[in-house]
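Visitor: 3D model of this:
(one chain, ligands or ions: 1)
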Amino acid sequence: MAQSAALLEARQVTSVRGERTLFEDLNLAVHPGHLYQIEGPNGAGKSSLLRIIAGLLQPLSGDILYKGELRQHVRREFLQDLLFIGHKAAVKPELTALENLEFFAATQGQPCAEPPFELLAQLGLVGLEDVPAANLSAGQQRRIALARLWVSGAALWILDEPFTSLDVAGIALLHRRFDAHLQAGGAIILTSHQPLDWAGRSLVRLQLEYSW
Ligand SMILES: Nc1ncnc2c1ncn2[C@@H]1O[C@H](COP(=O)(O)OP(=O)(O)OP(=O)(O)O)[C@@H](O)[C@H]1O
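Guide: Down below sits the predicted model:
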């Protein structure tokens, strides 16, 4: 069966941080409908790779292509199609869960696809909607940050350790959301130290070694 065209490609990417080469001449092709899990020990360069792909960190050499074009030539379209969630909670601590959702929807220039309150219910945050995020637990804050996955229309999700602090139900919820995104033709690149329970689905694993 013919492989669909790559949504994104990393070509011959080399990253050096401080004195250390994290990876050299790395190639990766990201296809719609697939989830890419970047694995490796602490310090191997997983977050650095995600940041390079997202355009937040410059590689020493190599190119990132989006839909076959150099990313810097299609920056606007790339940013519109990208949702990046870093490993920190990424919520506004002074805003409530509801306000965080509304804030994020506003930055997207579109209303929430589903009513924010229903989304909060799905995320198990009912009863906490008026509490400032700063007063919520790490897992609850993480759930607010991940609510973006229900609000954003981006095709490409780049997620650094999305399962951190989530309980079993939260992880299952995220898996269901990932499934729906992949089935709709989206793509996901993530890091996770936990093995993904992703049998039979379109998972591609990329192992980074820790090298000096
Ligand atoms: N801002 C920075 N300036 C200089 N070096 C950095 C910076 N951030 C990270 N590094 C270095 O880059 C290397 C790779 O870090 P990175 O965060 O990409 O690893 P990682 O594989 O995501 O690790 P972890 O599993 O611990 O999250 C580390 O040796 C780290 O010291």
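
Visitor: where along the protein do the strands fall?
Guide: 8-17, 20-30, 35-39, 61-66, 69-70, 82-85, 156-160, 187-191, 203-207 (DSSP state E).

Visitor: Quick one: those as CSV, columns for mean neighbour count and distance to the ligand too.
Guide: Where C-beta positions appear, they are placed from N, C-alpha and C, glycine not excepted. Output for the strands of the chain, formatted as CSV (neighbours: other Cβ atoms under 10 Å; distance: least, Cβ to the nearest ligand atom, whole Å):
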stretch, mean neighbour count, distance to the ligand
strand 8-17, 18, 4
strand 20-30, 17, 6
strand 35-39, 20, 8
strand 61-66, 17, 16
strand 69-70, 12, 23
strand 82-85, 20, 14
strand 156-160, 23, 7
strand 187-191, 23, 6
strand 203-207, 14, 11
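
Visitor: TSV for the ones you listed, including mean pLDDT?
Guide: Supplementary listing: the strands of the chain in TSV, determined by pLDDT from 0 to 100:
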stretch	mean pLDDT
strand 8-17	97
strand 20-30	96
strand 35-39	95
strand 61-66	98
strand 69-70	96
strand 82-85	94
strand 156-160	97
strand 187-191	97
strand 203-207	92
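
Visitor: I'd like those strands laid out as JSON lines, including distance to residue 46.
Guide: Written out in JSON lines, the entries for the strands of the chain read as follows (distance: least, Cβ to Cβ, whole Å):
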{"stretch": "strand 8-17", "distance to residue 46": "11"}
{"stretch": "strand 20-30", "distance to residue 46": "9"}
{"stretch": "strand 35-39", "distance to residue 46": "5"}
{"stretch": "strand 61-66", "distance to residue 46": "16"}
{"stretch": "strand 69-70", "distance to residue 46": "24"}
{"stretch": "strand 82-85", "distance to residue 46": "14"}
{"stretch": "strand 156-160", "distance to residue 46": "8"}
{"stretch": "strand 187-191", "distance to residue 46": "4"}
{"stretch": "strand 203-207", "distance to residue 46": "9"}
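
Visitor: Between these, which one is closest to residue 146.
Guide: In this view, those are compared for proximity to residue 146 by Cβ to Cβ, and strand 82-85 is the closest at 7.0 Å.
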